[in-house]
Structure formats: C-alpha cells, structure tokens
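In: next come a sequence and a model predicted from it.
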Amino acid sequence: MRYGAILLSIFILLSGLSNVSAQDEIETIQGLELDWEYDFGDTFISTKPLIANETIFVRTSTSTPNSGPAGIYAFDLDGELLWSKLNYNPISNDMSPITYVEQGQGDCGVWPDMLVIGWANGTIEALHPDSGAKFWQQNTEVLTWGITGSLLIDSDNLLVPTRTGLANYCLSNGDINFDIDIGLGWRNGVSKLDDNYFLGDEMGTLWKVSKNGNTTSKNLDIGKIRHAPLVVNGKLLVHGQGLIDSTIVLVNPDDLSLEVVSNAGPSPGIPLIFNDSIITIDSNSVKRFECSATCNFIDQYPFSSNGESSVVFDEMLMLPRNKVDGGWGLFSLNNSSQIIFNELISTKYDWYGTAAPEYQLVGKRQILAIGNDNGNLQVFSSLVDEAVSQQFEEETIETNYTSQIMTFFLFLFVAISGIQFLKENYKSSFQYLIIILVVIFTFAFNDIVAAWSSYISDINDESKSAEELWDDEWPEEWRGTQVAIFEFENQTLVSGGHINNENALELTYQSSENLKISVQDSDTSIGKYIESFNDIRGEGWIFFIDGSEAMVSAQYAEINSDSIVHWKII
C-alpha cells in the first residue's frame, strides 16, 4: 500500500551571468523540447554524457595547448551545475568514457557509489558522484598520452587499458593487482570473455590476458584496434582501422584465429549490439550484420560517423555526423532487416562531433543529452506520453496477490457491515466495522509508521549532508557508505564502509557485530526498541540519522546509501 509522490518539475529561467540558459526559440528532437544548454568554452565534449541518479555527468577535453582545462562536470536534470573537477595539467584528447560504479563489496573490500575517470595524463581517479571528492587515485605510464580507452568493471576489480598495457586495481581502495606491459594503445578499451580480458593495440595485435596477468597475443593484420572487442555469441568482433579502409573480423577467443566478415570504409567508430544485430560505423556508411556462429552482412546506409553511437527512444540508433556541418543521424531497423534512415537532426550548434548522445527515461521524464566538438551541451526533455506511461507502469508494477485477496475480503466485510446497518442491526454492523479497521491498520502499519516518520522529519528537519558530518579522521574508503556511531559516556566507537542497509536497525546490527558490541532489544507495538549496548542502559538510547533525531523505531527509520546513524545514551 505504498503511495508514490508526484514530483513536479520547476523550470527556472537563469540569468545571463550563468553558462546555463533556457531557450526562447523551441528546438525539438522526436517530440522532446530543448530544456537547457551549457557552453564549456574552448574545449570539446569528448565522450558520451552519462545520466545516473538523476545527475548528468559530462567530460570535456583539451584539443590545443591554448585550450581551457579538461574537466568532469555534474548537473542536475534542470541544468544546475552541482560540481566540477578541472584538470589543469591535461594532455590533449581525454576520451576515456566516464564509468559509474554502484556500491558493492568483494574480496578487495567495500566501496560506495563512485565515478571512475581515466585521464590522458595517466591518472586514474575514483570520485564521489555527489561532490567530486576523491576516494583514491593511481598513476599510470604516459608516452605522449596516457589513458584513452574504456574501462571495465569485473566484480571487485577495475581493469584499465593504459598507454602501454593493462592494469588491474581493487575498486575499494585502488590497490594494484597487476600492471602488465603489452602494446601501445589508443582508445583501446578492454573486454572480458569467460575468465580472460581482451584488448588491442596500435599495431593490430589482439592481447589475451588471464586474471593473474599472463598474456598471449596475435597480430590480426587488420590495422589499428581502437575499441574494446565486442563479445558476440562467444566470439570477439573487432573493427580494425587501416590507412585507407577498415576490416571487420570475428575472432575465436581460444586460439585467436579469425575470419574476415567484411571490408568497410576508413576511420571506423565503435561497434555496438542493437536489436540482436551488430552495427558498425565509419566515414562511408552505417552497416548492419547478424551474427551467430558467423556474421552475415545485412544492409548499409551512407553516413559519416567516426566515434560513438547510442540507442535512443528504446528502438532507434542515433549517432553524430563527424563533418563541419555536423548534425545527428537517426536510424531504425525494420522487420525486413533494412536500415531505415529517419532524419538528419540539426541544431544551431552543428559542428564536428564523435561523442554519442545519452538518453534515459528518468521516472516519467525522457532526457536526451547531446554534445559536440565545440563544447556545446544541449539537453532535451519531455514527459512520457500517456500510452508510453501506461506501458511503463504495467512493466514496473508487480502484482501483489495477497493485497488483492485482502481487498476482496475488506469489500466483503464492508458490504456485510452495510447490510447490517440497513437492517438496523447497529451492534453487528459496528463489530464488522471494527474488524475492517483492525485489518486495515495491521496491513498498513509499516506504511503508517514510515509516513509518520517522513512527516516528523519534514517538520523537524535538522538533517545535514554526509560531507557536513564527515570526520576527517575516518578512512577515506568510508566516504559514500553507511556509518554508525555509538557514543558511550567514556568512549565513542565508529563503524563505516557499510552498504545496502535499508533502515537504521539493519545498520545498527551490522555495525555492532563488526565492533563486537552486544545489543539487547525488545519487540514493542511500534517496532524494535534498543534497550542497551554492551549491557549499558542509562536512561535509554536515542539515535540520529544524518544529524536529525529520529522519531520512530530504528526498525522503521529509512536511511540512504551514505547515511550516518548516531546512537547516544541519555
């Protein structure tokens, strides 16, 4: 019986002093209206923007010695700049895609939600997505440039294609597992198939790296490999860049033998899987292949694109046209296996570009973010139409059969109570009414308590952010995780690095076990009550969530992924 809140989006017209601006003239893409835009100055948007946790992350790169600093920027969905991190010691072409890592734990330890960024100056950084604060940092070798390819998350490991090889780091703290030298790479992302990692280099060599760092390799003789090999039905699809053309091959991961799938145009972009097909792009055309044991050419359409492409609106392919007059190609694939060109989208900022668009459905709001080599970011948005909204709700709402059965009996008791009332059997009617109220209260108790907690929190909101409550003496790996504090009269014990606890009681149990603190609790009509920690009762214990005193049982006090729960003795 949970009731979702209806969020109203308030659009604010920002003054001319800000780089963000709302638009007088309406531009639209597939029914989405231009919402806001941002000018990054003398830099270019080098890779696809990323939408995560209602935040839009954008990375920029320098292109000349006189360009502005490279950077990572975080915006809310309405265009407010939340934070930015600028690299004043950049090397041209920071093109490694932004990697968002959800909180987790493994043999390496525990980590919170993170943004992992590889820089062309060889630095790899793990940042807090809410603030840009640094969790950890490592440095890799630079030969002209450093990291330019896509990273890979493998359980609790981070695989980084460096300029000279492949490095494996622990996600929780950045400790290095291995760092091996192979060939020199450029935009050479890493992929995983079975228990091995695969990446290519500028000489056309495909490298196979085991989890313990052992390597085997083979020169495919197809030119430069500038993308992460695409895993397709147990094989690897690689699009190699030659001097005047390119070659698409399918590689057996066991012995690195290959079969040529097709020849293609010059300067290929990054292939992707779309609607059970493989899409490749280059300066001449967009091609479609269907792959099972082998890959078969299906169709192509003339179009020039050399970077990334994205699936948008669930069923369409959108990619930048890398020409002086720019624009964005929008394609779809029909049942007859053709590539259908829908339109060339034009904006007032049309220019060269290789960064893919980012599209997401956030709640019932569609968001499309596009950027080009002139540093122009445009964000389009629209509420989902009623038909799509209904489909979205049908796909996301799970049927609760227990609730349906209880609803049936409630209606039955209401009917009986009404009949008894009409017959003037008031006592009997009242008895049925009491049964109805008891049943409703029993099944709605958790929601009533949660709603009461939310109401009390709203009118007595003294909560603070995790950054405000942060103690500099705590380990950095605790940032962005859940922390519990137990304040006794003569000492204070703290446990952090916890994840996935939904309420204060779960975090309290987990933290007390970690600190070897004994807990005594009792069941009450309003939830679990903590009687003592380490057999110390005092006048009772109270707790605070993010600096605000809780007004309900810890069992029903919901917490966030980075909440701080503080227990104090009275």
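Out: Everything's here; your move. Residues are numbered from 1 along each chain as shown.
In: domain map for this protein?
Out: 101-181, 398-459, 466-569 (automatic domain parsing).
In: so for the shortest one, mean pLDDT?
Out: If I follow you right, that is domain 398-459. Mean pLDDT, domain 398-459: 68.
In: same question, stretch 229-247
Out: Mean per-residue pLDDT for stretch 229-247: 96.
In: over to stretch 498-518?
Out: 92.
In: next, the distance between the ends of that stretch.
Out: End-to-end distance of stretch 498-518: 18 Å, with C-alpha to C-alpha, to the nearest Å as the criterion.
In: pull the distance from that stretch to the chain's centre.
Out: Mean-position distance between stretch 498-518 and its chain equals 26 Å (C-alpha atoms, centre = their mean, to the nearest Å).
In: how about stretch 237-244?
Out: Here stretch 237-244 is found 30 Å from its chain centre; the criterion is C-alpha atoms, centre = their mean.
In: what's in contact with that stretch?
Out: Residues from elsewhere that reach stretch 237-244 (C-beta atoms under 8 Å, 6 or more residues apart in numbering): 200, 204, 206, 220, 222-227, 229-231, 246-251, 258, 261, 264, 266-268, 271, 278, 280, 282, 291, 295. For glycine as for every other residue, the C-beta is placed from the backbone atoms N, C-alpha and C.
In: go through those residues and flag which are in strands.
Out: Of the positions in these, 200, 206, 224-225, 230-231, 246-251, 258, 261, 264, 278, 280, 291, 295 sit in strands, assigned by DSSP state E.
In: not counting its neighbours along the chain, what's nearest V362?
Out: The shortest distance from V362 to any non-neighbouring residue, by C-beta to C-beta, 6 or more residues apart in numbering, is to E54 (6.0 Å).
In: apologies, that question was intended for K348.
Out: E27 is the one closest to K348 (C-beta to C-beta, 6+ apart), at 7.3 Å.
In: number of residues surrounding that neighbour?
Out: A count of neighbours around E27, defined by other C-beta atoms under 10 Å, yields 16.
In: quick check: it touching D35?
Out: No: if you go by C-beta atoms under 8 Å, E27 and D35 don't touch, sitting 10.0 Å apart.
In: overlap in contacts, those two.
Out: Residues touching both E27 and D35 by C-beta under 8 Å, 6+ apart: F380.
In: quick one, helices of the stretch 401-550 of the chain?
Out: Listed in chain order, the helices of the stretch 401-550 of the chain (DSSP state H, counting those that start in this stretch) span 401-422, 426-459, 466-469, 504-514.
In: for S285, phi and psi?
Out: The phi/psi pair for S285 (degrees, to the nearest 10) reads phi -160, psi 170.
In: which stretch of helix or strand covers the closest residue to it other than its chain neighbours?
Out: Nearest non-adjacent residue to S285, counting by C-beta to C-beta, 6+ apart: Q300, 4.6 Å away. Here Q300 sits within strand 295-302, counting by DSSP states H and E.
In: same question for that strand: list its buried residues.
Out: 295, 298-300 (16 or more other C-beta atoms under 10 Å).
In: what does stretch 256-269 give?
Out: Here stretch 256-269 shows 256, 258, 261-262, 264-269 as buried, counting by 16+ other C-beta under 10 Å.
In: mind putting these into CSV with pLDDT and distance to N514?
Out: Below are these laid out as CSV (pLDDT from 0 to 100; distance: C-beta to C-beta, whole Å):
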residue, pLDDT, distance to N514
L256, 97, 47
L258, 96, 51
V261, 96, 53
S262, 96, 56
A264, 96, 56
G265, 96, 58
P266, 96, 58
S267, 96, 54
P268, 97, 51
G269, 97, 48
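In: dump the residues you listed to CSV, plus distance to Q482.
Out: Below are the buried residues of stretch 256-269 laid out as CSV (distance: C-beta to C-beta, whole Å):
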residue, distance to Q482
L256, 45
L258, 48
V261, 49
S262, 51
A264, 50
G265, 52
P266, 52
S267, 48
P268, 45
G269, 41
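In: tell me which of those is nearest to N534?
Out: L256 (60.4 Å; C-beta to C-beta).
In: does the closest one touch K208 like I think?
Out: Yes: here L256 reaches K208: they are 6.6 Å apart, a contact under C-beta under 8 Å.
In: mutual contacts of the two, please.
Out: Contact with both L256 and K208 is made by residues 216-217, according to C-beta under 8 Å, 6+ apart.
In: quickly list what D181 is bridged to.
Out: On the basis of DSSP bridges, D181 is bridged to G165.
In: go ahead and confirm it touches L143.
Out: No: applying C-beta under 8 Å, one finds D181 not in contact with L143, separated by 11.0 Å.
In: list residues touching both of these two?
Out: T164.
In: rewinding a little: for the residue nearest to V362, give me its contacts.
Out: Applying C-beta under 8 Å, 6+ apart to E54 gives the contacts 76-77, 362.
In: next one, pLDDT for it please.
Out: Per-residue pLDDT puts E54 at 95.
In: pull the contacting residues for N177.
Out: Residues near N177 by C-beta under 8 Å, 6+ apart: 157, 168-170, 213.
In: let's see that with 10 Å instead.
Out: Counting by C-beta atoms under 10 Å, 6 or more residues apart in numbering, N177 touches 108, 156-159, 167-170, 211-213.
In: swap in Y529?
Out: 520-523, 540-541, 553-555.
In: just the residues you listed: which are in strands?
Out: The strands, defined by DSSP E, take in 520-523, 541 from the contacts of Y529.
In: among those, which ones are buried?
Out: Buried members of the ones in strands among the contacts of Y529, counted by 16+ other C-beta under 10 Å: 521, 541.
In: what about the contacts of E54, which one has the most neighbours?
Out: That'd be L77 among the contacts of E54, by other C-beta under 10 Å, with 20 neighbours.
In: pretty sure that one contacts L368?
Out: No: counting by C-beta atoms under 10 Å, L77 does not reach L368; the two are 11.6 Å apart.
In: overlap in contacts, those two.
Out: The contact sets of L77 and L368 overlap at 35, 51, 360, 379, 381 (C-beta under 10 Å, 6+ apart).
In: now the contacts of Y529 in CSV, with distance to H498?
Out: Below are the contacts of Y529 laid out as CSV (distance: C-beta to C-beta, whole Å):
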residue, distance to H498
Q520, 21
D521, 19
S522, 24
D523, 24
G540, 24
W541, 19
S553, 19
A554, 14
Q555, 17
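In: let me know the closest of the buried residues of stretch 256-269 to E125.
Out: Nearest to E125 among the buried residues of stretch 256-269 is G269, at 26.4 Å by C-beta to C-beta.
In: output the lowest mean pLDDT helix or strand found in the protein.
Out: Least confident element among the helices and strands of the chain, by mean pLDDT, DSSP states H and E: helix 386-396 (a mean of 48).
In: who wins on neighbours among the contacts of N177?
Out: So for these (other C-beta under 10 Å), the most neighbours sit at L158, 27 neighbours.
In: just checking, what packs against whichever strand or helix holds it?
Out: Per DSSP H and E: L158 is located in strand 157-161. Where contact means 3 or more C-beta pairs under 10 Å, 6 or more residues apart in numbering; DSSP states H and E, strand 157-161 is packed against strand 99-101, strand 114-118, strand 123-127, strand 152-154, strand 165-170, strand 176-181, strand 191-193, strand 196-200.
In: so that strand versus strand 123-127, what angle?
Out: Orientation note: strand 157-161 sits at an angle of 140 degrees relative to strand 123-127 (axes from the mean of the first three to the mean of the last three C-alpha atoms, to 10 degrees).
In: show me the shaky parts of this structure.
Out: 1-26, 65, 335-336, 384-404, 406, 441-466 (pLDDT under 70).
In: please name the residues that touch L193.
Out: 208, 229, 231-232, 234-236, 251, 253.
In: so it bridges to which residues?
Out: Beta-bridge partners of L193, counted by DSSP bridges, are N196.
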